[in-house]
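Trainee: only geometry, no sequence info:
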């Protein structure tokens, strides 16, 4: 204890080999530096022996002697910078300093799930976690309980380096990167290499202004990492940074790919509130039904007038307080059933029951109601097909009956002209047609003959953001995503029941189909329990 409070002292070195250090510990300057600007009480007891304490007030030893405490060490710091006003004025607000302390304790608690942690602030318990069975449970307890249902496990080993932890689904994201927790050999770090690897792994499934929720634990042999490159040890230096980055990117991509069609399924309270029924007083004439969206949904409550059958054909005469008018009966689209509908329990995304607003597929699953955004879902499916095509040697092209001329700025044509050969590997056959136009002779077969002009224009814009040194195959995800967006089923297209079910079945077996190419969810589920709440059954 006396040595730990001396300057330039440390007790972490076994046999003078700094590379073999496995504990977190304090740096040699930490304890004496803190004791020089505050009142510090240091108490410690080794199991089987009596405890001891030392009290230092702003660098001066006040007292020492026996102390009663359980086995372990306790450090109490009071009056920080009380006698050093020049240092105290550089402290941030009490709220900001408390948030920094909370972040430190939270990261330490994640690193050691087998240890319980408690943090008290202003006389109340701010954090209290019991020893957990595993990392996913501890991470969820310290962040958001919903993370368990909206994450996948990461587990990969390569050349002696082990990567583990949890990775949030792409649709379970944040607006800032404050929920990315990275650990190296049990030590919390904030390393740019690791942060960049996480962003690279999520690049093709997450919007650029959104950030993934991850807690990754990297176990590296001591001789392959240097943890003493930063005073606070928040940065590390790897002997083979490319190996570590590749391990994280491939580990995350593999875990997210195995998640398949999974997407974040957390009922949105505002959305559910919009479905809430509300009572309404009857109209002055005693007629009408008061049913509609709740006022909180910024919508207009409708009072339906009283209908009665029309003798003139398919329709209704409708009478309200002011007038009587004729309206036709609503027409619903239906198809003849040539075979019994399939059982819902056989498919995770259920069986298609209809289409809403020519945009959303409504399916019935065993455990609830599934709503699918047909454009977003098909966009992801086309992207994954293009990836498989490129992995197989190239994407099949479909020649246009009449070549299409696309007029662009000359600089945009120059960019496309420089990449004609590479675009041909994607199935897009272009030819320069004067200084300000490109001639399109074929497009990727899987896209069909969609918006050729929009496709070429967007590709030119994408190329403007690329580094000329990078090939399009290195930018495969960006190019393929742009093409997939133009070749997918558009919102507003009426689909048959067979087409809807085919889309659902392909989603169930396609990696990353839970989110579109821009990171938005492709489907949501309204569980039976949520439906029962809407009708007051639960």
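Mentor: Good, I have the coordinates. Only a predicted model underlies this, so the values are computations on that prediction, with no experimental measurement involved. Numbers count the residues shown, from 1 in each chain.
Trainee: any idea how far residue 459 lies from residue 390?
Mentor: As judged by CB to CB, to the nearest Å, residue 459 and residue 390 stand 15 Å apart. Using the backbone N, CA and C atoms, a C-beta is placed for each residue, glycine as well.
Trainee: Which residue of the two possesses the greater neighbour count?
Mentor: For residue 459 and residue 390, the more surrounded residue by other CB atoms under 10 Å is residue 459, and the numbers stand at 25 against 18.
Trainee: Now that one: which helix or strand?
Mentor: Following DSSP states H and E, one finds residue 459 within helix 452-464.
Trainee: Equivalent analysis for residue 102, please.
Mentor: If you go by DSSP H and E, residue 102 is part of helix 94-111.
Trainee: Just give me how far that helix sits from the chain centre.
Mentor: 22 Å (CA atoms, centre = their mean, to the nearest Å).
Trainee: Which strands or helices does that helix pack on?
Mentor: In terms of contacts (3 or more CB pairs under 8 Å, 6 or more residues apart in numbering; DSSP states H and E), helix 94-111 is packed against strand 117-121, strand 124-129, helix 135-142, strand 180-184, strand 187-189.
Trainee: list the buried ones in that helix?
Mentor: By neighbour count on 16 or more other CB atoms under 10 Å, the buried set for helix 94-111 is 105, 106, 107, 108, 109, 110, 111.
Trainee: Look up how far residue 47 lies from the third one.
Mentor: Just to be clear, that refers to residue 107. Going from residue 107 to residue 47 by CB to CB gives 28 Å.
Trainee: hey, which strand is longest across this structure?
Mentor: Identified as the longest strand of the chain according to DSSP state E is strand 397-407.
Trainee: contacting residues around the helix or strand hosting residue 242?
Mentor: Using DSSP H and E, residue 242 sits within helix 241-258. When contacts are defined by CB atoms under 8 Å, 6 or more residues apart in numbering, helix 241-258 is touched by residues 152-156, 158-159, 161, 163, 167, 169-170, 193-194, 196-198, 200-202, 205, 214, 216, 218, 220, 238, 511-512.
Trainee: Narrow those to just the buried residues.
Mentor: The buried subset of the contacts of helix 241-258 (16+ other CB under 10 Å) comprises 152, 154, 161, 163, 167, 169-170, 193-194, 197-198, 201-202, 205, 214, 216, 218, 220, 238, 511-512.
Trainee: Mind checking which of the residues you listed land in helices?
Mentor: Of the buried ones among the contacts of helix 241-258, the ones assigned to helices by DSSP state H are 193, 194, 197, 198, 201.
Trainee: nearest spatial neighbour of the first one, skipping sequence neighbours?
Mentor: Which is residue 193. Spatially, and ignoring its direct neighbours in sequence, residue 193 is nearest to residue 241 (5.6 Å; CB to CB, 6 or more residues apart in numbering).
Trainee: Pull the number of nearby residues for the one you found.
Mentor: 14.
Trainee: what do you get for residue 32?
Mentor: With other CB under 10 Å as criterion, residue 32 counts 18.
Trainee: Wait, a strand at it?
Mentor: No - secondary structure assignment places residue 32 outside any strand; it is helix (DSSP: H, G, I helix; E, B strand; the rest coil).
Trainee: about what we covered before: tell me how far the very next helix or strand once past the longest strand of the chain is from the chain's mean position?
Mentor: Using DSSP H and E, the helix or strand that follows strand 397-407 in sequence is helix 410-418. Remark: helix 410-418 is offset 36 Å from the chain centroid, using CA atoms, centre = their mean.
Trainee: contacts for helix 410-418?
Mentor: Applying CB under 8 Å, 6+ apart, the external contacts of helix 410-418 come out as 408, 423, 430, 432, 435-438, 456-457, 459-461, 463-464, 468.
Trainee: could you redo the last one with a cut-off of 7 Å?
Mentor: Residues from elsewhere that reach helix 410-418 (CB atoms under 7 Å, 6 or more residues apart in numbering): 430, 432, 435, 436, 437, 438, 459, 460, 463, 464.
Trainee: pLDDT added to the residues you listed, as TSV?
Mentor: Formatted as TSV, those follow (pLDDT from 0 to 100):
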residue	pLDDT
430	91
432	91
435	83
436	83
437	90
438	91
459	81
460	81
463	76
464	72
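Trainee: Only the buried subset of those residues, as a ChimeraX command please.
Mentor: In ChimeraX, this line selects whichever of these come out buried by 16+ other CB under 10 Å:
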select :430,438,459,460,463
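Trainee: how about the contacts of helix 410-418 in a markdown table, adding distance to residue 354?
Mentor: Below are the contacts of helix 410-418 laid out as a markdown table (distance: CB to CB, whole Å):
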| residue | distance to residue 354 |
| --- | --- |
| 430 | 41 |
| 432 | 48 |
| 435 | 51 |
| 436 | 47 |
| 437 | 44 |
| 438 | 42 |
| 459 | 36 |
| 460 | 39 |
| 463 | 41 |
| 464 | 42 |
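Trainee: so which pair among the contacts of helix 410-418 is furthest apart in space?
Mentor: Across the contacts of helix 410-418, no pair lies farther apart than 435 and 459, at 18.4 Å, counting by CB to CB.
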